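Visitor: Build me a structure from this.
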Amino acid sequence: MDGVSVLSRTGDTVSADRTSGGKAHFEVLDGLRGSAAFLVVAFHIIGIPLGFNNSKNLLHHAYLAVDFFFGLSGFVIGYAYDDRWSRMTTLEFFKLRLIRLQPLVILGATMGLASYLLDPFGKHLQQTPLLTLLLAYLASLLLVPSPSVQNRVGETHTLNSPSWSLTQEYLANIGYALVLRRLRTRTLAIIAVISGLVLLWAALQRGSLDAGWGYKNYWMAPIRLAFPFVAGLWLYRVYDRLPRINIGFLPLSAALLAAFMTPVLPKLGSFSCNGLYDALCVLVVFPAILIAGTHSRPGSGLIAICKASGRLSYPLYMTHYPFMYVYANWVETKHPAHGQQVYVALFLAPFVILFAWVAVKFFDEPIRTKLRHYGFQRGI
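Guide: You can find the predicted model right below:
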């Protein structure tokens, strides 16, 4: 792929002609993608000792980072590919997306399998028959819901839970290639409005958008995908016509942090204030942050940080959770004191970031380079 600007959670490299002879770059969106990924990791580390009780988690609403990622993906897919269809087939598009996404899917699934088999704290909790475990691994490689395994009750992607959103990412890519790219901007707006109303209804019914990752709430996954992805694609189509507000990377990251840290809101009778809050974040706050990010500059000395955090965001998202399983089993079986949990959490956060850097530097990028070379040699 051409260019150097990285936008979505998946770290796509994007550029497009927006000025005479030049390419537009979005370093702030790059950095925001990294900020959201780091906050997801913090949400999981904090949440495990609390039994994922979001009302007690400092980052109460950080699960909404997934919805933010979907919006970024819609924007980046439109930006990267809308003007390339005259020289690219649908099959070539799918090959490019597989090259971009699948290596870390495979690594995450393999790490999840290794975590399940080698976890010293979960052996007595994880006695799944080998055949079932291998079927779960195959399902993880293919990004389809897997058979249930012990100690992963209710998760659809049992060896690497965050992979549920990558399934939706692939579905969004298929929908874009086959249908959405052909639609007029006005039609995309209509679809966004309808899907936004469905999302609002679902959020009010459930009281939260923290769903889509388990068998009992899997129906929420496409609902969480539809509005942000289509809205992101629509925003790409119209962003040149929207007000240009240069806010900067740090204030926009602070806005994301504030959205995630807002306490879980109580009900007013039968009305879910929390569900309404989640929906408003996805329907209003995140699109506003996305648009502001497209017109913002990182600020002095922050370009390198934005690029680095964006580069790490997808590998961090896809490789951190197998370590969370081990951490959870340690908490469950050893019942460590609060101070011990704090020390381990403070070690775990930089460790998974370092591991993500190793993964992208020595696994993901070299493999993608070889696959792209082979693909281009084959005419992609």
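
Visitor: alpha carbons only for contacts and neighbour counts from here, please
Guide: Fine.

Visitor: Contacts made by the helix or strand containing W234 with the rest, please.
Guide: Secondary structure assignment for W234, by DSSP states H and E: helix 220-238. For helix 220-238, the surrounding residues in contact (Cα atoms under 8 Å, 6 or more residues apart in numbering) are 67-68, 70-79, 165, 168, 172, 185, 188-189, 191-193, 195-196, 198-199, 202, 209, 211-213, 282-283, 287, 291.

Visitor: N274 and G207 touch, don't they?
Guide: Yes: between N274 and G207 there is a contact under Cα atoms under 8 Å: 5.7 Å.

Visitor: can you tell me the helix or strand for N54?
Guide: For N54, there is no host helix or strand (DSSP H and E).

Visitor: Now do it: how many residues are near it, please.
Guide: For N54, the neighbour count with other Cα atoms under 10 Å is 19.

Visitor: how close does it sit to Y321?
Guide: 18 Å (Cα to Cα, to the nearest Å).

Visitor: ok, now A37?
Guide: To Y321, A37 is 12 Å away according to Cα to Cα.

Visitor: Could I get the CA-only coordinates of the host helix or strand of V41 as PDB?
Guide: Element membership for V41, per DSSP H and E: helix 27-47. Provided in PDB are the C-alpha atoms of helix 27-47 (Å, rounded to 0.1, in the frame of the first residue of the first chain):
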ATOM      1  CA  GLU A  27      -0.600  11.800  12.500                       C
ATOM      2  CA  VAL A  28      -3.200  12.700  15.100                       C
ATOM      3  CA  LEU A  29      -5.500   9.900  14.200                       C
ATOM      4  CA  ASP A  30      -2.500   7.600  14.200                       C
ATOM      5  CA  GLY A  31      -1.800   8.700  17.800                       C
ATOM      6  CA  LEU A  32      -5.500   8.500  18.800                       C
ATOM      7  CA  ARG A  33      -5.600   4.900  17.600                       C
ATOM      8  CA  GLY A  34      -2.700   4.200  19.800                       C
ATOM      9  CA  SER A  35      -4.200   6.000  22.800                       C
ATOM     10  CA  ALA A  36      -7.400   4.000  22.500                       C
ATOM     11  CA  ALA A  37      -5.500   0.700  22.300                       C
ATOM     12  CA  PHE A  38      -3.400   1.500  25.400                       C
ATOM     13  CA  LEU A  39      -6.600   2.400  27.300                       C
ATOM     14  CA  VAL A  40      -8.100  -0.900  26.300                       C
ATOM     15  CA  VAL A  41      -5.100  -2.700  27.800                       C
ATOM     16  CA  ALA A  42      -5.400  -0.600  31.000                       C
ATOM     17  CA  PHE A  43      -9.100  -1.400  31.100                       C
ATOM     18  CA  HIS A  44      -8.400  -5.100  31.100                       C
ATOM     19  CA  ILE A  45      -5.600  -5.000  33.600                       C
ATOM     20  CA  ILE A  46      -7.600  -3.000  36.000                       C
ATOM     21  CA  GLY A  47     -10.800  -5.000  35.400                       C
END
